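> everything below, folded, please.
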Amino acid sequence: MSGATATLKSAASSLWLMATGGIALLVALASLVLFDGNPVLMLAVPLAVAGVFAVRALPLRTTVLGLLFLELLCEGLEVTLSGYWDVPLQPLARLLLVNLNAVTGIGPLRASFIDLACIGLWLASRFKKNPDVMPVSPVGSIRMVHIALFVTLGTLGALWVLGVAQGGNPNEALWQFRQVAMFPFRAFLFLSALDGSTAELKLIAKVAIVAAAIKSVIGFYFLYGVVYPAGKYVEFTTSHSDTALFIPLLAMAFNVFWEDPRWPRVRRLLVWLPLVTYGMVLNDRRLAYVSLGGAIICTFLMSPWSRIKRSVVRTLIVLAPILSMYFAVGWEQSGRIWFGAQLVKSIVKGDQAQEGADYRDMENFNVLFSWSEHSLLPSGFGHKMIEAVSLPDISRFMPTYQYHPHNQYLWYMTIGGPIGFTLLFFPLSFACFLAARTYRLAKDPVDRAACLTIPAIVIVCLNQIYGDMGTLSYTVSFMAALAVALAVKLAVRHGAWPATVKSKATAEG
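Below is the predicted model of the structure:
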């Protein structure tokens with residue numbers, strides 16, 4: 001009986017293959033007429049068919065981690081770097097991250113491939129019937145997190161309606177919350193794909209490390225092979241969003257050392273850590289240093305007292321007078337030896353290279369003024385900030401800058417008020433709670449380091465939102481979703497929170 005069933009399944013699979021191939025051939029031929037023989041669209045048809053077969057055959061985790069790798073690698077490379085250099089990966093990056101109507105010329109395709117892939121993969125995993133197709137995670141989930149993610153979507157919808165009803169621009173509203181709206185879908189996708197096992201955590205780390213290493217090499221070549229030989233200057237090498245890639249990896253390395261400072265593990269860290277660290281330095285973002293410091297402080301506060309922690313406290317007490325003198329003297333000095341003091345000064349007082357008031361300070365004042373004008377009823381999405389203080393016109397670089405101030409943390413307070421803001425980002429708060437709760441129960445150093453790294457990811461994402469328009473970033477959205485999913489799966493695995501949502505794999509079994 002089982003042999004007959006297998007034969008029937010094989011026959012059905014062959015019929016499905018022939019039918020799909022036939023449809024692909026017809027669509028390819030039709031594109032000759034519909035799209036004037038566009039070779040890109042002609043090639044897209046067989047590639048799409050091959051992609052569907054690959055997705056059906058591979059575990060969902062493999063597909064999702066491949067998508068994560070491509071996003072981490074490509075963000076920032078879809079444009080000409082600082083107007084000087086087109087990275088060879090630019091065509092791939094544009095195909096993944098730019099709206100498909102700009103790539104294909106088909107007007108209705110007003111979404112990026114990577115967004116459509118996230119939603120499509122999640123829906124396919126959610127409603128699939130055959131357990132042998134695209135196997136999903138066997139570890140269950142937590143209903144409260146699912147509710148929080150749906151609340152995020154509901155709050156976005158309500159604030160969009162509120163903003164448009166008050167005269168907001170509906171098209172600009174979509175751009176204001178696009179990546180925040182994709183965050184729940186990405187979290188659901190990661191929840192379907194990942195199980196939070198120790199082996200999987202190592203695999204995720206390797207995916208991010210490879211992407212960060214390639215980004216570091218690209219940044220190095222761009223700076224020393226393109227910018228400096230031409231006598232140019234750039235503020236960063238690849239992308240603002242790379243802070244959300246580099247810093248979680250550096251925090252993870254610190255946490256792994258903190259939990260298990262044995263030489264074999266340290267030796268493995270030294271294989272990639274210098275390259276990723278240099279990539280962060282070349283990218284030259286002040287927020288990166290702030291985020292890394294916040295991540296280390298968070299680890300220090302979460303971890304129990306140990307020999308190494310006591311040694312660090314004693315060392316800081318001894319160094320406190322020396323560090324105070326260093327910052328006091330170096331505050332008005334220049335030179336590499338005073339880099340730390342100048343970095344802290346630039347964070348506290350703003351960019352000293354600018355003449356007059358710091359642009360970000362003026363922009364933050366305008367955002368706070370806009371918030372004060374909507375203290376009772378939030379503005380909702382689709383509005384510009386009110387320029388109580390006139391800003392320099394940067395529309396040549398960013399035509400819609402008045403809709404997207406750098407400090408999105410304060411801007412979202414204006415858009416949604418404290419209640420709306422809390423509902424939008426509650427999943428991140430709950431992820432930190434779950435990570436801290438699981439950390440007390442985990443025994444394996446890799447699992448414990450992961451629990452410490454999850455709050456680090458949240459710190460980086462919120463800092464990007466606070467200082468660098470993080471709500472517009474693919475990487476911030478992906479990393480935030482990854483943090484939520486790993487917090488859930490680690491909590492379920494270690495018994496820190498019961499699985500109240502059954503895995504699709506368990507239900508199918």
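> and Asp242, how far from Tyr412?
Between Asp242 and Tyr412 the computed distance is 22 Å (CB to CB, to the nearest Å). Placement of C-beta: from N, CA and C, glycine included.
> higher neighbour count, those two?
A count of neighbours by other CB atoms under 10 Å puts Asp242 above the other of Asp242 and Tyr412, at 28 against 24.
> pLDDT below threshold where in the stretch 351-500 of the chain?
Counting by pLDDT under 70, the stretch 351-500 of the chain shows low-confidence ranges at 351-357.
> low-confidence ranges, the chain, go.
Using pLDDT under 70, the flagged stretches of the chain are 1-50, 350-357, 504-509.
> where do the strands sit along it?
With DSSP state E, there are no strands along the chain.
> got the phi/psi numbers for Gly380?
Here is the backbone geometry of Gly380 (degrees, to the nearest 10): phi 80, psi 180.
> who's in contact with it?
159-166, 168, 173, 415-416 (CB atoms under 8 Å, 6 or more residues apart in numbering).
> that one and Ser370: what is the separation?
On the measure of CB to CB, Gly380 and Ser370 end up 12 Å apart.
> Ala187 now?
30 Å.
> who's more crowded, the two?
Shown here are Ala187 and Ser370; by other CB under 10 Å, Ala187 has more neighbours (29 against 22).
> OK, contacts around that one?
Contacts of Ala187 by CB under 8 Å, 6+ apart are 145, 149, 427, 480-481, 484-485.
> what's the nearest residue to it if we skip its chain neighbours?
Excluding the flanking residues, the one nearest Ala187 by CB to CB, 6 or more residues apart in numbering is Ala481, at 4.0 Å.
> thought Ala456 was touching Cys298?
Yes - using CB atoms under 8 Å, Ala456 makes contact with Cys298 at a distance of 6.3 Å.
> the two: who's more crowded?
Ala456 (27 against 21).
> distance check, that one against Ala213.
Distance from Ala456 to Ala213, by CB to CB: 19 Å.
> and what of Gln342?
On the measure of CB to CB, Gln342 and Ala213 end up 29 Å apart.
> you'd agree Ala435 is up against His494?
No - using CB under 8 Å, Ala435 and His494 do not qualify as a contacting pair, with a distance of 10.7 Å.
> so the two - more neighbours on which side?
Shown here are Ala435 and His494; by other CB under 10 Å, Ala435 has more neighbours (28 against 20).
> name the nearest residue to the more buried one, ignoring sequence neighbours.
Nearest to Ala435 is Ile454, by CB to CB, 6+ apart, at 3.9 Å.
> number of residues surrounding the one you found?
Ile454, neighbours per other CB under 10 Å, totals 28.
> list the contacts for it?
Taking CB under 8 Å, 6+ apart, one finds 431-432, 435, 483, 486-487, 490 in contact with Ile454.
> from Leu159, how far out is Pro378?
7 Å.
> mutual contacts of the two, please.
415-416, 420.
> so which of those residues wins on neighbours?
Highest count within the shared contacts of Pro378 and Leu159 by other CB under 10 Å belongs to Ile415, 30 neighbours.
> I figured that one hits Ala173, correct?
No - shown here, Ile415 and Ala173 do not form a contact pair, counting by CB under 8 Å, at 9.3 Å.
> which parts of the stretch 1-150 of the chain are helices?
2-34, 39-57, 60-74, 90-97, 100-104, 113-127, 143-165 (DSSP state H, counting those that start in this stretch).
> just how off-centre is the last one within its chain?
Think helix 143-165. 20 Å (CA atoms, centre = their mean, to the nearest Å).
> tell me what that helix is packed against?
In terms of contacts (3 or more CB pairs under 8 Å, 6 or more residues apart in numbering; DSSP states H and E), helix 143-165 is packed against helix 170-193, helix 408-439, helix 474-493.
> of those helices, flag the one that's most buried.
helix 474-493 (a mean of 27; mean count of other CB atoms under 10 Å).
> between helix 143-165 and that one, find me the angle.
150 degrees (axes from the mean of the first three to the mean of the last three CA atoms, to 10 degrees).
> for the closest residue in space to Pro59 that isn't next to it in sequence, what are phi and psi?
Spatially, and ignoring its direct neighbours in sequence, Pro59 is nearest to Pro135 (4.6 Å; CB to CB, 6+ apart). Main-chain dihedrals, Pro135, degrees, to the nearest 10: phi -50, psi 140.
> Pro135 and Arg61: what is the separation?
Pro135 sits 8 Å away from Arg61, taking CB to CB as the criterion.
> in contact with the nearest residue to Lys309 once chain neighbours are set aside, which residues?
Counting by CB to CB, 6+ apart, Ser303 is the residue found nearest to Lys309 once chain neighbours are left out, at 6.4 Å. Residues near Ser303 by CB under 8 Å, 6+ apart: 258, 309, 452.
> so how far is Thr438 from Ser303?
Counting by CB to CB, the gap from Ser303 to Thr438 is 14 Å.
> same question for Leu490.
To Thr438, Leu490 is 5 Å away according to CB to CB.
> got the contacts of Ser303 as TSV, with distance to Trp122 and neighbour count columns?
What follows is those, written out as TSV (distance: CB to CB, whole Å; neighbours: other CB atoms under 10 Å):
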residue	distance to Trp122	neighbour count
Trp258	35	20
Lys309	41	14
Leu452	28	26
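> Ala499: which of these is nearest?
Ala499 has its nearest neighbour among these in Leu452, at 22.8 Å by CB to CB.
> leaving out chain neighbours, which residue sits closest to the closest one?
Asn255 (4.2 Å).
> dump the residue contacts of Ser477.
Each residue near Ser477 by CB under 8 Å, 6+ apart is listed here: 179-180, 182-183, 186.
> at 6 Å what do you get?
By CB atoms under 6 Å, 6 or more residues apart in numbering, the residues touching Ser477 are 179, 182-183.
> could you do His406 as well?
His406 touches 360, 469, counting by CB under 6 Å, 6+ apart.
> now it: phi and psi?
Phi and psi for His406, reported as degrees, to the nearest 10, are phi -60, psi -40.
> distance check, it against Glu363.
6 Å.
> equivalent analysis for Asn283, please.
22 Å.
> try Gly417
Gly417 sits at a distance of 20 Å from Glu363 (criterion: CB to CB).
> please enumerate the shared neighbours of Ile415 and Ala173.
Phe381.
> pull the number of nearby residues for Tyr84.
12.
> burial count for the residue lying closest to it once chain neighbours are set aside?
Of all residues not flanking Tyr84 in the chain, Val226 sits nearest, at 5.7 Å (CB to CB, 6+ apart). Counted by other CB under 10 Å, the residues lying close to Val226 total 16.
> I figured Val226 hits Asp86, correct?
No - using CB atoms under 6 Å, Val226 makes no contact with Asp86, being 10.3 Å away.
> got the phi/psi numbers for Ser306?
Dihedral angles (degrees, to the nearest 10) for Ser306: phi -140, psi 180.
> for it, give me its contacts.
Ser306 neighbours (CB under 6 Å, 6+ apart): none.
> from Arg262, how far out is it?
14 Å.
> give me the distance between Trp85 and Ala230.
Trp85 is 10 Å from Ala230, by CB to CB.
> neighbour count winner among the two?
Neighbours per residue, other CB under 10 Å: of Trp85 and Ala230, the larger number sits with Trp85, 17 against 10.
> is the more buried one in contact with Val227, as I believe?
No - counting by CB under 6 Å, Trp85 does not reach Val227; the two are 8.1 Å apart.
> tell me, how many neighbours does the closest residue to Asp468 other than its chain neighbours end up with?
Excluding the flanking residues, the one nearest Asp468 by CB to CB, 6+ apart is His240, at 4.7 Å. His240 has 24 neighbouring residues, counting by other CB under 10 Å.
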